[in-house]
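Undergrad: got a sequence here, can you model it:
(2 chains)
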Protein chains: 2
Amino acid sequence: MRTVAVIGIGQTKIEEQWEKSLRDLAGEASLAALEESGLPTVEGIYVGNMMSGSANKQMQLGAYLSDWIGARFSEAVHLESACSSGAAAFRTAVMAVASGEINSALAVGVEKMSDSPNAEITSSLATAADADWEVTQGISFVGLNALIMQRYMYEYKWNHADFAGFSINAHANAMHNPNARFHMLINNEQFEKAGLIAEPINLLDASPTGDGSAAAILVPADALKPAPGLKIISVAGSGAATDTISVHNRKDPLWLKAAEMSARKAYSQANVGPDDIDLFEYHDAFTIMCALSLEACGFIDRGQGPKLALDGQIKIDGRIPVATLGGLKARGHPVGATGMYQIVELVQQLRGKAGKDQVENARIGMAQNIGGSGSNIITHILRAE
Amino acid sequence: MRTVAVIGIGQTKIEEQWEKSLRDLAGEASLAALEESGLPTVEGIYVGNMMSGSANKQMQLGAYLSDWIGARFSEAVHLESACSSGAAAFRTAVMAVASGEINSALAVGVEKMSDSPNAEITSSLATAADADWEVTQGISFVGLNALIMQRYMYEYKWNHADFAGFSINAHANAMHNPNARFHMLINNEQFEKAGLIAEPINLLDASPTGDGSAAAILVPADALKPAPGLKIISVAGSGAATDTISVHNRKDPLWLKAAEMSARKAYSQANVGPDDIDLFEYHDAFTIMCALSLEACGFIDRGQGPKLALDGQIKIDGRIPVATLGGLKARGHPVGATGMYQIVELVQQLRGKAGKDQVENARIGMAQNIGGSGSNIITHILRAE
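TA: From the prediction side, this is the model:
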């Protein structure tokens, strides 16, 4: 297989985008990425999205987008794995270029959720869980995460306040990211006083949804040079794995086996380990996922995730900086687009173009995108050459 | 890239499957394919589906299925391009194995439509068209095809009765296929007297929806032998292309440019032309698509598609047998599963295991799956080695 490089990125701000349609959003990010790459078009388009069928009454986003961005006749397809749809699109694009089947690809994640009433969004998000064995029992997606967090706190003797650092760090980093949904510092007291959603998860444990799109252009690493002043960013590792879709079917609901397996594949391909990772864009949809992801990827021992936040090791200048441009918690979580925001932000960091959020000498970055309650997890490692 | 072979197939009967869930259907086809392949599991799962989010309140069919069929922890993803979702899953599986990224893949298409009220199905099918520029004008999916057929009949001077042969042939072939939805011969008189849906399309121009699943196991061609008595069936060509999602945006709405382009890619990879194709599983969702597909793939001149049916050249013993096991018209069209039924039927034919529908000495077969009103078309050529 050929090594694949990212030579263009684009993204929209995440917010309630009432003035822009689904096609406007995806087009804006895609055309920005294309322009930066210098390519007039691409041979393949891979669109990550979770809920356009219900929220926007629009499926087949492949053909929908290809014509709109001037890539009519290119091959194009929609990929979906709930909240990891963005990374699924990226991984498929990587394989298409690596295989030699095509020589240029656009991977784009897009989600426009504001058009739907809140109740419908909750119902659409629940399609990421098991319709027969979870959702019909009346549990929502945040409810599932709350059960996991309850058990985790009991098992490893943590208090809710111990998770504050994850959210405080994300909000602090988002202050400098113009594309982030929130520009608002939070503190320990606010974290503890925020309104409950599903005990113990409160508003400041949970990431906000939103409308947005992020995109990247992929080519064979030896085919094209990026624009002057931009480093070559290659895809060093890519791994994907599933776990049971129902949380109750797992022998150990406190261990993200699919996170461990997909990270191991990515580490192995990139020939690196956790100590080599300069920054980690994790999937902080809920604070409990921060802890579980850090543990499964080998950054800290089982049950000890909150310690990294308490000790300040996840900050920009810490041992393993996370959510460096705000993460899902503060940059925002437009579900099917999130995985591509993670990739785009890794590229910003590895290029040394992350502004005040820049991780010094960042050379190897990892992104992990989680679909469902840990049921479909995709991990990528990017490297500045 | 490595050559990829199909070493196992499975399918369910297409009908209203009230006793079986979405997971039962996909599981049944997948496990049958796995059993035939002799493999205990696969490394990657590619699920083609269009409307499970609305019809079954279930997304992320990758993780949903992997656990169910005993392939927990494998990588798995859902692919969608409206009615060509099945072929999109197959093409992605082919690339994943061809690239060397994985050594075994399951491609499966599944759709369970009966759970939804008819009005919701019509609305879900319309998400294949352009929500902003077609559907909000009140046009349905069959309405779009009716406009194309009207124009075609006017432009090339055909009568509605001239299309009868496509449906009569499909129903005749389905008589011998136990998995087909219809086992019912039709004649010219019935064709002309069938109730109108959207002029000139009547009930016997249109394919029936249904519940069903079809699956195939893919491996590197040199890695494994199929079960004794079964030929090696390799993927000789694979091509995909898009066109405008809105029909009105095409300069020539009577030419399926994406069919032509994807077929050309597949021909070129397989190093064959239309004259080398022993049978063609086309996308006869509506009779007009039969004519347009045959023309775009080079089996007959522009505007002359119905001639092939009138002359009996599309029959099992004709020059270019089509819909050999009933096609969408009579085998049935469970939308996201259809592309995989086409692949599975090609394999049956190329193995010489198509029973009374067997095309004599079939060695090279082609399948073309159409998403939207010609907006996302994927063509595969399979060869018996």
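Undergrad: which SS class is the residue of the stretch 201-350 of chain A found nearest chain B?
TA: Residue nearest to chain B within the stretch 201-350 of chain A: A:Ala240 (3.8 Å; CB to the nearest CB). For the C-beta atoms, the positions are set from N, CA and C on the backbone; glycine is no exception. Here A:Ala240 takes the strand state, with states given by DSSP: H, G, I helix; E, B strand; the rest coil.
Undergrad: quick check, it in contact with B:Ala63.
TA: No. With contact defined as CB atoms under 8 Å, A:Ala240 does not reach B:Ala63; the gap is 10.5 Å.
Undergrad: so for those two, which residue has more residues nearby?
TA: Neighbours were counted for A:Ala240 and for B:Ala63 using other CB atoms under 10 Å in any protein chain shown; B:Ala63 has more, 36 against 30.
Undergrad: what's near enough to touch the more buried one?
TA: A:81-82, A:242-245, A:371-372, A:375-376, B:76 (CB atoms under 8 Å, 6 or more residues apart in numbering or on different chains).
Undergrad: with A:Gly138 instead?
TA: The contact partners of A:Gly138, taken as CB under 8 Å, 6+ apart, number zero.
Undergrad: A:Glu134: what's its closest spatial neighbour, skipping adjacent residues?
TA: Once flanking residues are discounted, A:Glu134 sits nearest to A:Ser246: 5.5 Å by CB to CB, 6 or more residues apart in numbering or on different chains.
Undergrad: do you know how far the one you found is from B:Val77?
TA: Distance, A:Ser246 to B:Val77, using CB to CB, to the nearest Å: 19 Å.
Undergrad: now A:Gly332
TA: 24 Å.
Undergrad: out of those two, which sits in the busier spot?
TA: More crowded of A:Gly332 and B:Val77, by other CB under 10 Å: B:Val77, with 33 against 27.
Undergrad: what residue ranges in the stretch 51-200 of chain A score low on pLDDT?
TA: Of all residues in the stretch 51-200 of chain A, none has pLDDT under 70.
Undergrad: what are the phi and psi values at the residue lying closest to A:Ala107 once chain neighbours are set aside?
TA: Of all residues not flanking A:Ala107 in the chain, A:Ala93 sits nearest, at 3.9 Å (CB to CB, 6+ apart). A:Ala93 has phi and psi values of phi -60, psi -40 when expressed as degrees, to the nearest 10.
Undergrad: wait, A:Ala93 sits on A:Glu43?
TA: No. Assessed by CB under 8 Å, A:Ala93 is found out of contact with A:Glu43, at 10.6 Å.
Undergrad: between these two, what contacts are shared?
TA: What both A:Ala93 and A:Glu43 touch, as defined by CB under 8 Å, 6+ apart, is the set A:Ala105.
Undergrad: give the contact list for A:Ser262.
TA: A:Ser262 neighbours (CB under 8 Å, 6+ apart): A:239-241, A:368, A:377-379, B:75.
Undergrad: can you tell me the SS state at it?
TA: Applying three-state DSSP: A:Ser262 is helix.
Undergrad: so A:Thr3 touches A:Ile232, yeah?
TA: No. Contact between A:Thr3 and A:Ile232 fails when scored by CB under 8 Å: they sit 9.8 Å apart.
Undergrad: about what we covered before: more crowded one of A:Ala93 and A:Glu43?
TA: Set A:Ala93 next to A:Glu43 and count neighbours by other CB under 10 Å: A:Ala93 wins out with 29 against 19.
Undergrad: ok, now how distant is that one from A:Gly109?
TA: Taking CB to CB as the criterion, A:Ala93 is separated from A:Gly109 by 11 Å.
Undergrad: again, but for A:Ser140
TA: Distance from A:Ser140 to A:Gly109, by CB to CB: 23 Å.
Undergrad: returning to what we had before: so who does the residue of the stretch 201-350 of chain A closest to chain B touch?
TA: A:87-88, A:91, A:262, A:265, A:376-379, B:75-77.
Undergrad: let me have those residues in JSON lines, extended by secondary structure and distance to A:Ile201.
TA: Shown next, in JSON lines, are these (DSSP: H, G, I helix; E, B strand; the rest coil; distance: CB to CB, whole Å):
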{"residue": "A:Ala87", "secondary structure": "helix", "distance to A:Ile201": "23"}
{"residue": "A:Ala88", "secondary structure": "helix", "distance to A:Ile201": "26"}
{"residue": "A:Arg91", "secondary structure": "helix", "distance to A:Ile201": "29"}
{"residue": "A:Ser262", "secondary structure": "helix", "distance to A:Ile201": "24"}
{"residue": "A:Lys265", "secondary structure": "helix", "distance to A:Ile201": "30"}
{"residue": "A:Asn376", "secondary structure": "strand", "distance to A:Ile201": "21"}
{"residue": "A:Ile377", "secondary structure": "strand", "distance to A:Ile201": "20"}
{"residue": "A:Ile378", "secondary structure": "strand", "distance to A:Ile201": "24"}
{"residue": "A:Thr379", "secondary structure": "strand", "distance to A:Ile201": "24"}
{"residue": "B:Glu75", "secondary structure": "strand", "distance to A:Ile201": "29"}
{"residue": "B:Ala76", "secondary structure": "strand", "distance to A:Ile201": "27"}
{"residue": "B:Val77", "secondary structure": "strand", "distance to A:Ile201": "28"}
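Undergrad: what residues are up against the residue nearest to A:Ala107?
TA: So A:Ala93 contacts A:44, A:46, A:105-107, A:216, A:218 (CB under 8 Å, 6+ apart).
Undergrad: and of these, the nearest to chain B?
TA: Top of the list for closeness to chain B, among the contacts of A:Ala93 and by CB to the nearest CB, is A:Gly44 at 8.2 Å.
Undergrad: need the contacts of A:Ser262 in a markdown table with distance to A:Ala98, can you?
TA: Output for these, formatted as a markdown table (distance: CB to CB, whole Å):
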| residue | distance to A:Ala98 |
| --- | --- |
| A:Gly239 | 14 |
| A:Ala240 | 14 |
| A:Ala241 | 19 |
| A:Gln368 | 20 |
| A:Ile377 | 20 |
| A:Ile378 | 15 |
| A:Thr379 | 16 |
| B:Glu75 | 15 |
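Undergrad: in those, find the pair that's most separated.
TA: Greatest spatial distance in those: A:Gln368 and B:Glu75, 14.1 Å, computed using CB to CB.
Undergrad: which stretch of helix or strand covers A:Ala236?
TA: strand A:233-242 (DSSP states H and E).
Undergrad: which non-adjacent residue is nearest the residue nearest the centre of chain A?
TA: By CA atoms, centre = their mean, the mean C-alpha position of chain A lies nearest to A:Gly339, the distance being 3.1 Å. Sequence neighbours aside, A:Gly86 is the residue nearest to A:Gly339 in space, at 2.5 Å (criterion: CB to CB, 6+ apart).
Undergrad: same check, this time on A:Asn103
TA: A:Asn103 sits nearest to A:Glu43 (CB to CB, 6+ apart), 6.0 Å away.
Undergrad: pretty sure the one you found is touching A:Leu106, no?
TA: No. Counting by CB under 8 Å, A:Glu43 does not reach A:Leu106; the two are 9.3 Å apart.
Undergrad: all strands for the stretch 101-250 of chain A, in order.
TA: A:105-111, A:196-198, A:201-202, A:212-220, A:233-242 (DSSP state E, counting those that start in this stretch).
Undergrad: my read: A:Glu360 touches A:Gly318, true?
TA: No. With contact defined as CB under 8 Å, A:Glu360 does not count as touching A:Gly318 (11.3 Å).
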